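Undergrad: I'll drop the sequence and a predicted model, then ask my questions.
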Amino acid sequence: MKPGLPLSRDWRSKLLFLLGLMLPLAWVIWSGASNRLGPDPAKALVDFFGLWAFHILLLCLAMTPLRLLTGKSFWIRYRRMLGLAAFFYALLHICSYVLLLYGGGWAEVWGELLRRPYVVVGASAFLCLLPLALTSTRSWQRRLGRRWVMLHRLVYPGALLVLLHFAWVKKLGFLAVWPYVLLLFVLLFVRLFAYLRNASFKN
């Protein structure tokens, strides 16, 4: 086997994975070009990008539990790409909200923050994800050392805030979005169980 072959295969798999993550964006561009976004395209885009940000964030959180449950480490190679994709769609969600729904009028957006607490929750979730995206590179990981791990634990409160924002926007409570609640708490439980088990072994 040639020395460069595993790396070549790794990059090919990551490229295919990246193309898969861009399919929702391609679909929404096609839908917009063919006037298939419905009577309120701006709201449709806000909802679409927000939902996909949440879906990909859950998939990102699933990588470590899948590694723990299967004993296979290849899941982790896609975790950073998934995290950045979740942030990318969250950014599109925010931009659609500010620019399309309110035409970039920051006074109106500020008024929404004051009137609608779920907007504050969503903005707080985005602020949790922002430093994770900015420090996602290996150079930042080396620079921050152990602090990088501590910083990236912000993904957990961020995910919980996204869930609260999602349930609040739906206005039907957590029971209406129970599959998301169940999935998120299973993922967090697996991580917590593994952490406590490792801590007990160290003691």
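TA: Sure, I can see it. Numbering: from 1, shown residues only.

Undergrad: Apart from its chain neighbours, what residue comes closest to L91?
TA: Spatial nearest neighbour of L91, chain neighbours left out: F126 (7.9 Å); criterion: CB to CB, 6 or more residues apart in numbering. C-beta: built from backbone N, CA, C; applies to glycine.

Undergrad: I'd say the one you found and Y97 touch.
TA: No - with contacts counted by CB atoms under 8 Å, F126 stays clear of Y97, the gap being 10.4 Å.

Undergrad: Identify the contacts common to those two.
TA: Counting by CB atoms under 8 Å, 6 or more residues apart in numbering, F126 and Y97 have no shared contacts at all.

Undergrad: gap between the residue nearest to L91 and R79?
TA: Separation of F126 from R79 (CB to CB, to the nearest Å): 19 Å.

Undergrad: Could you do A86 as well?
TA: Counting by CB to CB - A86 and R79 are separated by 11 Å.

Undergrad: The two - which one has more neighbours?
TA: A86 (28 against 18; other CB atoms under 10 Å).

Undergrad: ok, the more buried one - contacts?
TA: By CB under 8 Å, 6+ apart, the neighbours of A86 are 53-54, 56-57, 60, 129.

Undergrad: I'd like these written out as CSV, with neighbour count added.
TA: Formatted as CSV, the contacts of A86 follow (neighbours: other CB atoms under 10 Å):
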residue, neighbour count
A53, 26
F54, 23
I56, 22
L57, 25
C60, 23
L129, 23
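
Undergrad: re earlier: what about the residue nearest to L91, how many neighbours?
TA: Neighbours of F126 (other CB under 10 Å): 19.

Undergrad: Report pLDDT for H165.
TA: Predicted confidence (pLDDT) for H165: 93.

Undergrad: Quickly find the element holding the residue lying closest to it once chain neighbours are set aside.
TA: Using CB to CB, 6+ apart and skipping residues adjacent in sequence, the residue nearest H165 is G122, 4.1 Å away. G122 is part of helix 117-134, with elements assigned from DSSP states H and E.
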